[in-house]
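Participant: only geometry, no sequence info:
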C-alpha cells in the first residue's frame, strides 16, 4: 500500500494555507445533488491517481439524501471505495441514533461491497475509551500507518451543529486539544451521550473536506464559522483547516441567510 495514504506529519495545529469555497444552493434537495456530484468527482480523481478512495462519512439528517443519490449512481466505482466514520455515538450499530445505521440504510446496504471495505466504529467493544483505541488501531492497520503517522483521507464529510460543533468535537471540549491520538472519546451535552470522534490532527490531514449545512437553525453558527466570529474553541468547525487540502461548504438558502456564497 502506498505511503500516500499516510503522512508522517507531527501532531500539531494546521498552519498551511487551505482552499475554501462556499456553494449556495436553493434547497435541501439541490444540496444533496450538489454534494453527491462533488463526492463522485473526488472519488474518480482519487481512484485514477491512487487506485482507492477513502471517505469518512458523517451522521445526522442532512447527508441522507446525498447518500441515497450516491447509491443510485452508475458512475461510482464502488469496488475501490473504503468507508470510515468521522464520528459515532456509543450505541449499538442497529440503534436509530447510529451513524453506521444511517449509512447502512441509505448507501452501504444498497451497493455491492466486500466486508473489508467497511471500517466501522465497533461500539460493542465496551467502554468508550476502548472503542476509541480499537478504532485508532483499525485506522493504522487499514492505512498502513505506523505510530506517529497520520492517515490521510481522500475526503471527510462533515456537518455543522447549531452550537458550531462538527463531527463530535463540541465547544470547549477537551477533545479539541487532543494531539496524541487519532481517535478520542468525548461527550455531547444535549442530549448527553458518549461519542467517538476523529481528532483535529486527522481531520486537518485530509485531502478534501465537504461540509453540508441545511436549515435556518444552523444559520447563526454558519455565519460565525465563515466570518471567523467568536473564539475558535466556541465554534469547533472553525478549527477545520486542512494543512494541504480543500474545504467546500455546501449550504442551502435557509442556512446561509444573507451571507454571500461563492462557487
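Facilitator: Okay, I see it. It should be emphasised that the depicted structure is a prediction, and the values quoted were computed from it without experimental measurement. Numbering: from 1, shown residues only.
Participant: the protein: helices as residue ranges?
Facilitator: Shown for the chain, the helices assigned by DSSP state H span residues 28-50, 64-71, 99-106, 128-143, 200-203, 219-227, 253-256.
Participant: for residue 150, which of those helices is the nearest?
Facilitator: For the helices of the chain, proximity to residue 150 was assessed by C-beta to C-beta; helix 200-203 is nearest, at 5.9 Å. Using the backbone N, CA and C atoms, a C-beta is placed for each residue, glycine as well.
Participant: pLDDT on the closest one, on average?
Facilitator: If you average the pLDDT over helix 200-203, you get 98.
Participant: could you number the chain from 46 rather than 1 from now on?
Facilitator: In the new count, where the first residue is 46, that last one comes out as helix 245-248.
Participant: so which elements touch it?
Facilitator: Other elements packing on helix 245-248 under the criterion 3 or more C-beta pairs under 8 Å, 6 or more residues apart in numbering; DSSP states H and E are strand 195-196.
Participant: contacts made by the strand it packs on with the rest, please.
Facilitator: If you take C-beta atoms under 8 Å, 6 or more residues apart in numbering as the criterion, strand 195-196 is touched by 50-54, 56, 99, 184-185, 187-188, 190, 227, 246-247, 250.
Participant: just to revisit the earlier point, dump the helices of the chain to CSV, plus mean neighbour count.
Facilitator: CSV is the format used below for these (neighbours: other C-beta atoms under 10 Å):
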stretch, mean neighbour count
helix 73-95, 18
helix 109-116, 21
helix 144-151, 20
helix 173-188, 18
helix 245-248, 24
helix 264-272, 19
helix 298-301, 22
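Participant: these: which one's closest to residue 207?
Facilitator: Distances from residue 207 to each of the helices of the chain were compared using C-beta to C-beta; the shortest belongs to helix 264-272, at 5.6 Å.
Participant: what is the mean pLDDT for that closest one?
Facilitator: Confidence over helix 264-272, taken as the mean pLDDT, stands at 96.
Participant: again, but for stretch 282-293
Facilitator: Averaging pLDDT residue by residue across stretch 282-293 gives 96.
Participant: ok, now stretch 158-174?
Facilitator: Computed over stretch 158-174, the mean pLDDT rounds to 97.
Participant: can you get me the start-to-end distance on that stretch?
Facilitator: With C-alpha to C-alpha, to the nearest Å as the measure, stretch 158-174 spans 29 Å from end to end.
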